[in-house]
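Trainee: how does the following fold in three dimensions:
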Amino acid sequence: MKNKTTRALCSALAFSFAMGILGPYQYAGLSAAVMVVLLAGVSLEPLFAVLSVGAYLLAGLWLPIYPAGGRGTGYLLGERGGFLLALVLCALVISALIKGLRKRPKISALIGLGVAFLLYFGMGILWYVVKTESSLVAVLTSGWGGTCLLFLLDCILAYVAAGPLKKALR
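Mentor: I've put the predicted structure just below:
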């Protein structure tokens, strides 16, 4: 048991480290750390998936590892903070669904990634609307399509990588 927990904790820290390295980098408005969060969700137990994202968010309070090199509570609670905070829920939901539906890991991973997609954009966009006092319609029509497609691509890549990554972590 102790060895399994140690491996899981080391894996969570490795995912956190990867999020920290990739966090400042973006492609079409989507942080590269999002892919690592999705991989943590499909690869780790719920507790360790949440710990890995939590460690990333905590480190970002002092280090410039949030998207575009952001850091601090101002960034975390700012207009795009909803997307960062949603990452915790994304990792938890994906991992919990996979663990809960062990007999159907592929279906549970697909459902988890779909729910993560809805959580990430739902929470992030609503947070943004509230913080900027913008119209929801104006925000939704301002070019989120490309970012949504990239997130879906990340979900597909995480789904494909889930099997080999889980085997590597064992």
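
Trainee: mind listing the strands for the chain?
Mentor: 26-27, 30-31 (DSSP state E).

Trainee: in a markdown table: those, plus mean neighbour count and mean pLDDT.
Mentor: In this view, the C-beta of every residue, glycine as well, is placed from N, C-alpha and C. Output for these, formatted as a markdown table (neighbours: other Cβ atoms under 10 Å; pLDDT from 0 to 100):
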| stretch | mean neighbour count | mean pLDDT |
| --- | --- | --- |
| strand 26-27 | 16 | 70 |
| strand 30-31 | 22 | 73 |
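
Trainee: reformat those strands as a markdown table; add distance to A12.
Mentor: Below are those laid out as a markdown table (distance: least, Cβ to Cβ, whole Å):
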| stretch | distance to A12 |
| --- | --- |
| strand 26-27 | 24 |
| strand 30-31 | 19 |
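
Trainee: and of those, who's closest to I98?
Mentor: Comparison of these against I98 by Cβ to Cβ identifies strand 30-31 as nearest, at 22.6 Å.

Trainee: average model confidence for the lengthiest helix in the chain?
Mentor: The residue-count maximum for a helix in the chain (DSSP state H) belongs to helix 105-132. Mean per-residue pLDDT for helix 105-132: 89.

Trainee: for it, packing partners?
Mentor: Secondary-structure packing of helix 105-132 (3 or more Cβ pairs under 8 Å, 6 or more residues apart in numbering; DSSP states H and E): helix 33-43, helix 81-100, helix 136-140, helix 145-169.

Trainee: so for A116, which of those helices sits nearest?
Mentor: Closest to A116 of these, according to Cβ to Cβ: helix 81-100, at 3.9 Å.

Trainee: got the buried residues for the closest one?
Mentor: Buried positions in helix 81-100, judged by neighbour count with 16 or more other Cβ atoms under 10 Å: 81-84, 86-99.
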